[in-house]
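K.L.:
model the structure of this input:
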Amino acid sequence: MSKYACVDVGGTFTDAAVVDENGSVNVFKSPTTPHDWTEGILGALKVAAEHYEEPFDDFLKDISVVNAGIFTHGSTIATNAVVEKKCGMVGILCTEGFRDVFLFREGPNKNPFDMFLDYPEPFVPRYLTLPVKERINSEGGVDTPLDEEAVREQTRVLKGYNVEAIAVCFLWSTVNPAHERRAREIIHEVWPEVTVVLSSEVNPSNREYRRWVSAAMDASLRKLISSYANDLNSRLNDAGFIGKVGMLNAAGGVMSTNEIVNRPLYSVDSGPSMAPIAGRKYAMDDLDEKNAVVLDMGGTTFDVSCVIDGEISVSKEAIIGDEIPGISRVNVHSIGAGGGSIAWVDNGGMLRVGPRSAGSVPGPACYNRGGTLPTVTDANCVLGYLNPDFFNDGRMKLYPELAREAIKKHVAEPLGITVMEAAYSIWATVNVNMIAAIKDITIWQGIDPRSYAMVAGGGACGLHAIALAEGLEMQRLLIPRTAGGLSAAGGLFSDIVSEYSASHYTTTAQFDFEGVAKVLQKLRAQAEKFFARNKIAPERQRLEVYMEAHYPFQVYELPVNVTPFVQDDFTITPAGVQAMEEAFHKEHERTFSIRDNTFIECVTWRVKAIGKHEREAVLPSAELPENRDLAYEDALSSSFRKVFFKEYDDLKMTPVFHGDRLYYGITVHGPAIIEEPTTTIVVLPGYCAKVTQHNSYCIEKEPLKKKH
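P.N.:
Next up is the predicted model:
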């Protein structure tokens, strides 16, 4: 029986989400294995196979395309490689006189008042950034012909350094890529086996720093991602999987393995980009809401993203390490605030939480795997929020005594407080950190979170979600039963997506109709080739067109969806230009609370190719049980344990409910604990959790009782 599966490799756990032939969605977890990522992926899939009571090879066949199944995969492997500077060695050929573009960059965005802060090293060191005499002007004309002998000589130099790849980064190659293309031909004449990447193909942006660094990153990841993808596919095939894994990308969609290997830069943050996809699905199906703040709190990081009027927020301003590659990525803001984030007391006697994490190895102290430092998970264990005998569906046992000892030694004693006070302080401190992160991506970007719904996911978020909603005055909170693997679940609902862009400057005052049409038609042709490569039927194809523009004298562009204003032949009429201009004014006013009724400057054009799967994953609607009275009694029969709540300033005997007994329409009143296989939900006093038709938990404040 065919199934859809998606695996997301996190810093602490590897999550597998599976939708079966009945439409039911389940999430499974296995510890991440940093020494061998594939081992953790296979571990999560084996847990899923056990749940469905199938031999592992049969389960892998069920998720193979040849059997009408789907298997996709996302991770932060590429992100970690860039941040930790573990990429391949790259050589650069650049325009003579512009050797220091990588050094000057756009920043970095560090503390400008710290004179002792070391300036970050460039992504590619200067000795590997070699100049070549050539010059194309901003109109596309050739001012200085390409010095072909210099290309040959510099290639020999880079070959002597044994670089893994060469990126060619010339000025104004977005207008005329002839010199970059000829340089690639010459490089392959001198060194046939080396990988060559052109900046004009990776990221055709007029901003040379962003274009160059994105080309360098892409080149540096080629070997890593290729080796990883090939190893993953090979070992899956050996275990019984048929075909190749679909790879998630930073734009919020799926690519084939070949596509992502040829564009590895788009694998950056491919896992976290799926959380808003899932958040949008749950918010629209359960709350009929198109605006949502989506949270994903795992073991290592806390990720925040937004869904605005049904659209996933996308940005080109995201920072990876010390660089801004300027590619379209789902706008996810991440901080070091996960279950494994370490609590510590600074030299001033202040409690801090994160950003350092215990990860999966050695993990929190309560895992009993060698970790001795207190973490957020240890605090939740001491507070009674976590069941030591039912963690990760009972596959892991927690040791509260180890958690208490770690908190006592490293937090309680240095601060002169009790262990319970220290545990609550850790819980409250990480909440404050997360609220600040949510404000960064909402309030500071023109969004009032009070008018949005909150969708909370990640294995740890259910323990903190109500406090976060309360701190932001958000009235609607939804926690899906698949919250423990929200990003993995998002992969089940994602489309097959790729983007193609080109720079072409014009203004709405003197619009270049012919030039823009030529660019858009070229991008459409690239998108159609993408559809053909991935065998997507015409009825399952959709194209979206985006314009990136700014007001006169502004520095940065704002993206606007202009699909409704583009004709079927990808031309734009004068009326379409006026409509695009008005759409930009509205988006600028929404984002920055100001509009300037003047013409706009259009800089970049993007075409997004979206392909629907043959069988879309849908959320099943719950049905009421036949014997409701008996089911109701069973659902509300619960165990009790002592749990700390600040409202009582003490431990309180609290009912604990098993999620699999709670059905559509049941309401759980706080204080209470709801235990799901891969997450735990703390219902604070004064709140209630109601099971929705799609088996999520809608959490609201208890209605005020009328006084008589």
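K.L.:
low-confidence ranges in the stretch 501-650 of the chain?
P.N.:
Applying pLDDT under 70 to the stretch 501-650 of the chain flags the ranges 615, 620, 622-633, 635-638.
K.L.:
count of residues packed around Arg210?
P.N.:
When neighbours are counted by other Cβ atoms under 10 Å, Arg210 registers 21. C-beta coordinates here come from the backbone N, C-alpha and C atoms, glycine included.
K.L.:
wait, is it part of a helix?
P.N.:
Yes. Counting by DSSP: H, G, I helix; E, B strand; the rest coil, Arg210 is found in a helix.
K.L.:
what's the closest non-adjacent residue to it?
P.N.:
Excluding its sequence neighbours, the residue lying closest to Arg210 (Cβ to Cβ, 6 or more residues apart in numbering) is Gly326, at 3.1 Å.
K.L.:
hang on, the one you found packs against Trp212?
P.N.:
No. Counting by Cβ atoms under 8 Å, Gly326 does not reach Trp212; the two are 10.0 Å apart.
K.L.:
quick one: which of those two has more around it?
P.N.:
Trp212 (32 against 21).
K.L.:
show me the contacts for that one.
P.N.:
92, 94, 101-102, 167, 169, 199 (Cβ atoms under 8 Å, 6 or more residues apart in numbering).
K.L.:
in contact with the residue nearest to Arg210, which residues?
P.N.:
203, 205, 207, 210-211, 213-214, 316-317.
K.L.:
where's the dip in pLDDT among the residues you listed?
P.N.:
Among the contacts of Gly326, Glu317 has the lowest pLDDT, at 81.
K.L.:
correct me if wrong: that residue contacts Glu323.
P.N.:
No. Between Glu317 and Glu323 there is no contact under Cβ under 8 Å: 11.7 Å.
K.L.:
the two: who's more crowded?
P.N.:
Set Glu317 next to Glu323 and count neighbours by other Cβ under 10 Å: Glu323 wins out with 24 against 11.
K.L.:
flag the shaky bits of the protein, pLDDT-wise.
P.N.:
Scanning the chain with the threshold set as pLDDT under 70 gives 107-112, 615, 620, 622-633, 635-638, 704-708.
K.L.:
ok, how many other residues are close to Lys586?
P.N.:
Quick note: Lys586 (other Cβ under 10 Å) scores 11 neighbours.
K.L.:
wasn't it part of a helix?
P.N.:
Yes. Checked against three-state DSSP, Lys586 lies within a helix.
K.L.:
residues contacting it?
P.N.:
Lys586 neighbours (Cβ under 8 Å, 6+ apart): Arg595.
K.L.:
cutoff 10 Å now
P.N.:
560, 595 (Cβ atoms under 10 Å, 6 or more residues apart in numbering).
K.L.:
could you pull out the helices for the stretch 601-708 of the chain?
P.N.:
628-636 (DSSP state H, counting those that start in this stretch).
K.L.:
hang on, the earlier thing: between the contacts of Gly326, which sits nearest Asp118?
P.N.:
Val213 (19.0 Å; Cβ to Cβ).
K.L.:
how much space between the nearest residue to that closest one once chain neighbours are set aside and Glu164?
P.N.:
Distances taken as Cβ to Cβ, 6+ apart place Glu323 nearest to Val213, at 5.0 Å, with adjacent residues excluded. Going from Glu323 to Glu164 by Cβ to Cβ, to the nearest Å gives 18 Å.
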